[in-house]
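S.K.: Provided below are the primary sequence and the corresponding predicted coordinates.
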Amino acid sequence: MRIEAITGRKVIVELSPEDMDRLDITYEALDYASVDTRRVIWIILDRVRECTGCDIDPSGQLLIDAMPRPAGGCILFFTMRGGCAEFALGTAERVLRKQEQLLAAFEFAGVDALLDCASAYARRLHSGSDQLFSASELYCDGARYRLLLCPAQALSSVKQFFGEYAAFCGEDSFAAERTREHWQRVGEGASFESMGGTADYPLPKRRAATCFTPGNVYATVDN
């Protein structure tokens, strides 16, 4: 069991297949309406409390995002009340949501590498090749950029392409969650795929390129 405290109100727990066996639970069976699932959640949060000091009360208002691992097991994201739409609407005190796709994270040393990769991917799609990912998010921490992808093909194929331009940061959602917590979203509220036609997409350098989806042009601006 791997535990990481992102904040005092947000914790990530990764369960291996062996952990799932010891807890006598499967990803498919996870359901907060189930007594077995609630038992497992209590056990996990007791372990979180022992290891990190984060006291997340499973009887309080709690959001749990569950995501399967390709090699078995799963990842659980625990978030206490605050900023969650379900809680703001007062519709639930404890919510367990399942997300079927993992995120792969790639880090670019600078905007040039990012845009070179973007242009190469656009050419790849124009040539008739299948998409490598189904959704994406872009983040920046100053000079570096980090791209989060939901792979649409085998991870090895995704890594083979993006690895020419960026460093691979992880095949699970630990890197993604840390990125979302500490890096600044670029173009927040819209993914590359959701922008139709031509979009002005700010990047901290004067340059333009076609990024990740043919027809979407992203114009850069000065800091």
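M.R.: Cool, the structure landed.

S.K.: Can you name the helix or strand that the residue nearest the centre of the chain falls in?
M.R.: Residue closest to the mean C-alpha point of the chain, counted by Cα atoms, centre = their mean, is Ala176 at 4.0 Å. Assigning secondary structure by DSSP states H and E places Ala176 in helix 174-182.

S.K.: Same question for Arg124.
M.R.: For Arg124, the enclosing helix or strand under DSSP H and E is helix 111-126.

S.K.: returning to that earlier point: how many residues are close by the nearest residue to the residue nearest to the centre of the chain once chain neighbours are set aside?
M.R.: Nearest residue to Ala176 in three dimensions, chain neighbours excluded: Leu103, at 4.1 Å (Cβ to Cβ, 6 or more residues apart in numbering). In short, each C-beta sits where N, CA and C put it, glycine included. Neighbourhood size, Leu103 [other Cβ atoms under 10 Å]: 25.

S.K.: The strand or helix carrying Ile75 pairs with which strands, parallel or anti?
M.R.: Secondary structure assignment for Ile75, by DSSP H and E: strand 74-80. Within its sheet, strand 74-80 is paired with strand 10-15 (antiparallel), strand 62-68 (antiparallel), according to DSSP bridges.

S.K.: still on that earlier bit, whatever helix or strand comes next after the helix holding Ala176: partners in the sheet, and parallel or antiparallel?
M.R.: The first helix or strand that comes after helix 174-182 along the chain, using DSSP H and E, is strand 184-186. If you go by DSSP bridges, strand 184-186 pairs up with strand 133-140 (antiparallel).

S.K.: Name the residues of the partner strand that come out as buried.
M.R.: By neighbour count on 16 or more other Cβ atoms under 10 Å, the buried set for strand 133-140 is Phe133, Ser136, Glu137, Leu138, Tyr139, Cys140.

S.K.: Could I get the average pLDDT for it?
M.R.: Average pLDDT, strand 133-140: 81.

S.K.: Serialize the buried residues of strand 133-140 to a markdown table and add fields for distance to Val111.
M.R.: Output for those, formatted as a markdown table (distance: Cβ to Cβ, whole Å):
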| residue | distance to Val111 |
| --- | --- |
| Phe133 | 20 |
| Ser136 | 16 |
| Glu137 | 17 |
| Leu138 | 11 |
| Tyr139 | 13 |
| Cys140 | 9 |
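
S.K.: Kind regards, and thank you for your time.
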